[in-house]
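[1] Could you look at this predicted model? Sequence included:
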Amino acid sequence: DDFEAMCAEVYGKYLLGMVKYNPMPKTSEPKELGKLKTALGLNNLLVGEAHAAAAQEWYRTTCYFTPEEDLDDPEHPDRQAMDKFLFLTERALKQGDETN
C-alpha cells in the first residue's frame with residue numbers, strides 16, 4: 001500500500017510538472033501519462049486519486065494567488081494550465097474506461 005501510494009504521488013507530481021512548465025497541451029501527453037501509469041503499475045482508482053490530489057495541490061498553489069479575472073481569461077497562462085489539467089484528467093479517465 002505504501003509503495004502504491006508513492007507511485008501515485010510520482011504520477012501526480014509528473015502530471016503537475018506537465019501542466020506547470022508548459023500550459024499548452026500536446027497530443028502526445030495523454031499517451032505519455034498512460035505509459036507512466038503502466039510503468040508505475042497503477043490501477044484506475046490510483047490514477048483517479050492521483051489526479052484528485054494533483055488538482056488540490058494545483059488549486060492551492062495557483063488559484064489562491066491568481067486573480068479571478070486572470071483565470072477567466074483564456075489567454076492567461078494559469079487559465080491555460082487549468083484547461084490543460086482538465087483535458088489531461090479527462091483523457092486519463094477515458095483511457096481507463098471511467099467516463100462515457
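    Thanks, I have it.
[2] Following the chain past the strand or helix carrying Leu71, name the next helix or strand.
    With secondary structure defined by DSSP states H and E, Leu71 is part of helix 68-72. Following helix 68-72 in sequence order, the next helix or strand is helix 77-95 (DSSP H and E).
[3] ok, back up a step: ok, and what's touching the helix holding Leu71?
    Residues outside helix 68-72 that contact it (CB atoms under 8 Å, 6 or more residues apart in numbering) are 63, 76, 78-79, 82. Every residue, glycine included, has its C-beta placed from N, CA and C.
[4] Could you tell me how far it lies from the centre of the chain?
    Taking the mean of its C-alpha atoms, helix 68-72 sits 20 Å from the chain's own mean (CA atoms, centre = their mean, to the nearest Å).
[5] all helices for the protein, in order.
    Taking DSSP state H as the criterion, the chain carries its helices at 2-21, 29-40, 44-58, 68-72, 77-95.
[6] how about the ones you listed in a markdown table, adding mean pLDDT and mean neighbour count?
    A markdown table is the format used below for these (pLDDT from 0 to 100; neighbours: other CB atoms under 10 Å):
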| stretch | mean pLDDT | mean neighbour count |
| --- | --- | --- |
| helix 2-21 | 96 | 16 |
| helix 29-40 | 96 | 16 |
| helix 44-58 | 96 | 18 |
| helix 68-72 | 92 | 11 |
| helix 77-95 | 93 | 18 |
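[7] hmm, back to that, for Glu32, state which of the contacts of helix 68-72 is nearest.
    For these, the minimum distance to Glu32 (CB to CB) is 19.4 Å, reached by Met82.
[8] Arg79 versus the residue nearest to that closest one when sequence neighbours are not counted, what's the distance?
    Counting by CB to CB, 6 or more residues apart in numbering, Met82 lies nearest to Leu71, which is 6.8 Å off, once chain neighbours are set aside. With distances taken as CB to CB, to the nearest Å, Leu71 is found 5 Å from Arg79.
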